[in-house]
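Colleague: I'd like to go over a predicted model; first the sequence, then the structure.
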Amino acid sequence: MNNEAAYTQGLLRKALDPSTQPAAIRAFLKEELELVRSLLRPRSRVLDFGCGMGRHLIGLDSHLGRSVGFDYESSYIKEARQARAGAGCVFFVADATAVPLVVPFDAAICLTNTWGTMSDKLGVIHEMRRLSPAVGTRFVTVYSPASVAARREWYAKMGHRVLAATDHELVAEGGFSSEHFTERRLRDLLGPCKLHPIGDVAYLAQF
Ligand SMILES: C[S@@+](CC[C@H](N)C(=O)[O-])C[C@H]1O[C@@H](n2cnc3c(N)ncnc32)[C@H](O)[C@@H]1O
C-alpha cells in the first residue's frame, strides 16, 4: 500500500477524529488554523492543495473570498461538498502536480503536512507558484523533527504503527509514510521563505 491507497481507505477521517490525536497534535491543529487566518488577507481568494474534506476553507469561509479546494481522493471531495452547505467555497477532484486551472488566486495553501505526504514535492510547489504568483502568498505547513513522538502515538492509534524512522520520514504499517523537515531542508526545497513556528512540532513556510 502507498499513501494514495491509505487515503482511499479513509486515513484522513481517522486522523481528524480527536480521540486519535495526542495533545500536541490537537494543539497544533488549533494553532495552525489561527495562524493561517491571521496570514490570509480578508476576502482573498484561496486555492487549497490537498484539501481533504475541506475543513480549512469551510472554517475560514467568513474570512475569505470565493475559494477553491481540491483533492485526488473523490470520497473526501464528496464529503467537502456536503459539509460546505451555505459556505461560498467550491471543491473538485484533481492532482496537485497538474491542476486544471489557469486563472491565478490571491493565495495558495497546502496544510497539515499534506505536502509532507506528497511524492512529487517540487511538482506541487511549481503548481502553487503558477496559481498564486505573488511572492509571500504561498503557505505550506509541515511537521518538524520534534513532532516524531506525537506522530508515532497518533499513527499507532489510527492502526498504522511506525515501523521505520529516518531523519526525515516515518514509515508506518500499511505503507503509509509521512515526512518531517528541518529549517535547512525546507529552505533547500523552497528557496527563500519565511518560517513561522507552530509550537515546536511544526512550521508554516511562507514563500
Ligand atoms: C494530511 S491529509 C490533509 C487534508 C486536509 N488538508 C486537512 O488538513 O484536513 C493530505 C491530503 O492530501 C491529499 N493528497 C495527497 N497527495 C495528493 C495529490 N498529489 N493531489 C491531490 N491531493 C493529494 C490526500 O488525499 C489527503 O486528503
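Modeller: Looks like it arrived, so ask away.
Colleague: Close to the ligand: what parts of this protein are there?
Modeller: 7, 12, 50-52, 55, 71-73, 76, 95-97, 111-114, 117-118 (Cβ under 6 Å from any ligand atom). Every residue, glycine included, has its C-beta placed from N, CA and C.
Colleague: Narrow those to those in strands?
Modeller: residue 71 (DSSP state E).
Colleague: Drop anything exposed from the residues of the chain next to the ligand.
Modeller: 7, 12, 50-52, 55, 71-73, 76, 95-97, 111-114, 117-118 (16 or more other Cβ atoms under 10 Å).
Colleague: Inside helices: which ones of those residues?
Modeller: 7, 12, 55, 76 (DSSP state H).
Colleague: pLDDT and distance to residue 44 for the residues you listed - can I get that in JSON lines?
Modeller: As requested, these are arranged in JSON lines below (pLDDT from 0 to 100; distance: Cβ to Cβ, whole Å):
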{"residue": "7", "pLDDT": "93", "distance to residue 44": "28"}
{"residue": "12", "pLDDT": "96", "distance to residue 44": "25"}
{"residue": "55", "pLDDT": "97", "distance to residue 44": "18"}
{"residue": "76", "pLDDT": "96", "distance to residue 44": "23"}
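Colleague: Quick check: buried residues in the longest helix belonging to the chain?
Modeller: As assigned by DSSP H, the longest helix anywhere in the chain is helix 23-39. Going by neighbour count (16+ other Cβ under 10 Å), the buried part of helix 23-39 is 24-25, 28-29, 31-33, 35-36, 39.
Colleague: cool, and stretch 175-183?
Modeller: 176-181.
Colleague: Averaged pLDDT, that stretch. What do you get?
Modeller: The predicted model assigns stretch 175-183 a mean pLDDT of 96.
Colleague: lowest confidence element among the helices and strands of this protein?
Modeller: helix 3-8 (a mean of 92; mean pLDDT, DSSP states H and E).
Colleague: OK, contacts around the residue nearest to the spatial centre of the chain?
Modeller: For the chain, the residue sitting closest to the mean C-alpha position, by Cα atoms, centre = their mean, is residue 111 at 2.5 Å. Residues counted as contacts of residue 111 (Cβ atoms under 8 Å, 6 or more residues apart in numbering) are 32, 36, 48, 56, 139-141.
Colleague: and the gap between it and residue 57?
Modeller: According to Cβ to Cβ, to the nearest Å, residue 111 stands 10 Å off from residue 57.
Colleague: Alright, that wraps it up for me.
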